[in-house]
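Student: Sharing a model prediction with you, sequence too.
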Amino acid sequence: MLEPSSDRLLPPAAILDPTLPPLDPACAIRIGTSRDGRPLAGYRFGRGSRHVSLIAGCHADEPVGPATLDRLAAFLATRSEADPLLERFSWWLVPHVHPDGEARNAAWTKALGPPGGWTRDARGVDLPRYLRHVVRDLPGDDIEFGFPTADADGRLIDVADPTAPPMRPENRAVAEFLADGAPLQVHGSLHGMAFAAGPWFLLDAAWAERSASLRTRLVEAVETAGYRVHDIDRGGDKGFRRLGRGFTTRPDSRAMREHFLTAGDPATAALFRPSSMELARSLGGDPLTLVSEMPLFLL
């Protein structure tokens, strides 16, 4: 994983620099096709022994993650072969897991990002436009909870309830792409929230005790940037158990199913497949899996 002692492994200012050249489309690997026929692009960088996978856009109304991974891919594409980020790490990136959802939300997201963006004072999202045009998938179409899992032999299998709709092609394509990097050391799924006090982070319960240094440094980074972390205690609801200021455990499909079963809604419970984090752990090893939740509008 990324060492806590290394302050400049991923420099945010350089990644978000509006003068950074845009990513050459030739760098993309077509890993599959969306339900509506749009190409699904993945990116591979580096040759190191430490394997990192990052995906974004699982929820169609959360554009910050895809925009960030677009910039990270563009940044990594400019690095020399001797750069430690490419020498020591191998990267599997899928910035836009849900291109169909991205297209449906374009009426309010198209103003995000450079040119002129990536500044603290930029008004990237217009609230009235957001409220009029935001589109989000319901359970059953939710890509984050729509993945297969790997069996003991590394084969991807669908463990869905027999009453669930077929797996989306996006989930199968991303799972096959990430499986090429197994075992992973880190897997992250970049998400977002509409309204929050600041960034919120969800961590793998298996890493709760081992993540103290990481959690401290993330809070410091947020506060150094002039923000505050979103801090909420959901009391274990849907698997969200508070770990400390700004951090909870990430939910899994079992906790989500139990929530709806307890609420007397077995039909919705049956719609949940494993998350991308559960997929990553099923591929072997002991990866740190995490979710970032970045707000569009600060409370």
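Tutor: Sure, I can see it. Numbering: from 1, shown residues only.

Student: Run through the strands of the stretch 51-200 of the chain in chain order.
Tutor: Counting by DSSP state E, counting those that start in this stretch, the stretch 51-200 of the chain has strands at residues 89-94, 149-150, 156-157, 186-196, 200-203.

Student: Show me which positions of the longest one end up buried.
Tutor: I take that to be strand 186-196. Counting neighbours by 16 or more other Cβ atoms under 10 Å, one finds that the buried residues in strand 186-196 are Val186, His187, Gly188, Ser189, Leu190, His191, Gly192, Met193, Ala196. Any C-beta I mention is one placed from the backbone N, CA and C, and that applies to glycine too.

Student: picking up where we left off before, could you export the strands of the stretch 51-200 of the chain to TSV, including columns for mean pLDDT and distance to Ala14?
Tutor: Listed next are the strands of the stretch 51-200 of the chain as TSV, based on pLDDT from 0 to 100; distance: least, Cβ to Cβ, whole Å:
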stretch	mean pLDDT	distance to Ala14
strand 89-94	98	16
strand 149-150	96	35
strand 156-157	96	36
strand 186-196	97	18
strand 200-203	96	22
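
Student: could you redo the ones you listed as TSV and give each row distance to Phe247?
Tutor: Listed next are those as TSV, based on distance: least, Cβ to Cβ, whole Å:
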stretch	distance to Phe247
strand 89-94	24
strand 149-150	25
strand 156-157	30
strand 186-196	14
strand 200-203	5
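
Student: and of these, who's closest to Arg47?
Tutor: Arg47 sits nearest to strand 89-94 of all the strands of the stretch 51-200 of the chain, at 6.1 Å, using Cβ to Cβ.

Student: That closest one packs against which elements?
Tutor: Counting by 3 or more Cβ pairs under 8 Å, 6 or more residues apart in numbering; DSSP states H and E, the packing neighbours recorded for strand 89-94 are strand 39-46, strand 50-56, helix 64-77, helix 169-179.

Student: which one in the chain is furthest away from the centre?
Tutor: Most distant from the centre of the chain: Gly264, at 29.9 Å, with distances by Cα atoms, centre = their mean.

Student: Surely that residue is in a strand?
Tutor: No. Assigned with DSSP: H, G, I helix; E, B strand; the rest coil, Gly264 falls outside any strand and is coil.

Student: re the thing from before, comparing the helices and strands packed on strand 89-94, which gets the lowest mean pLDDT score?
Tutor: In terms of mean pLDDT, the lowest-scoring of those is helix 64-77 (a mean of 94).

Student: what inclination does it have with respect to strand 39-46?
Tutor: Taking axes from the mean of the first three to the mean of the last three Cα atoms, to 10 degrees, one finds helix 64-77 and strand 39-46 inclined to each other by 40 degrees.

Student: would you put the C-alpha positions of helix 64-77 in CSV?
Tutor: Taking Å, rounded to 0.1, in the frame of the first residue of the first chain, the C-alpha atoms of helix 64-77 are listed here in CSV:
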residue,chain,number,x,y,z
VAL,A,64,-16.4,13.9,-8.6
GLY,A,65,-14.9,10.5,-8.5
PRO,A,66,-14.9,10.0,-12.3
ALA,A,67,-13.5,13.5,-12.8
THR,A,68,-10.7,12.8,-10.3
LEU,A,69,-9.7,9.5,-11.9
ASP,A,70,-9.7,11.1,-15.3
ARG,A,71,-7.1,13.5,-14.0
LEU,A,72,-5.2,10.8,-12.2
ALA,A,73,-5.0,8.7,-15.4
ALA,A,74,-3.8,11.8,-17.3
PHE,A,75,-1.2,12.5,-14.6
LEU,A,76,0.2,8.9,-14.6
ALA,A,77,0.4,8.9,-18.4
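
Student: how far is it from where the chain is centred?
Tutor: Using Cα atoms, centre = their mean, to the nearest Å, the mean C-alpha position of helix 64-77 is found 12 Å from that of the whole chain.

Student: Quick check: which helices or strands does the helix or strand containing Ala14 pack against?
Tutor: Using DSSP states H and E, Ala14 sits in helix 12-15. Judged by 3+ Cβ pairs under 8 Å, 6+ apart, the packing partners of helix 12-15 are helix 64-77.

Student: What is the helix it packs on packed up against?
Tutor: Packing partners of helix 64-77 (3+ Cβ pairs under 8 Å, 6+ apart): helix 12-15, strand 39-46, strand 50-56, strand 89-94, strand 186-196, strand 288-298.

Student: Can you tell me which of these is nearest to Thr248?
Tutor: Of all those, strand 288-298 comes closest under Cβ to Cβ, at 9.5 Å.

Student: Can you give me every residue that contacts the residue most central in space within the chain?
Tutor: Centroid-nearest residue in the chain, with Cα atoms, centre = their mean: Ser189, separated by 1.8 Å. The contact partners of Ser189, taken as Cβ atoms under 8 Å, 6 or more residues apart in numbering, are Leu54, Ile55, Ala56, Cys58, Gly65, Glu144, Ser275, Ser276, Met277, Leu290, Val291.
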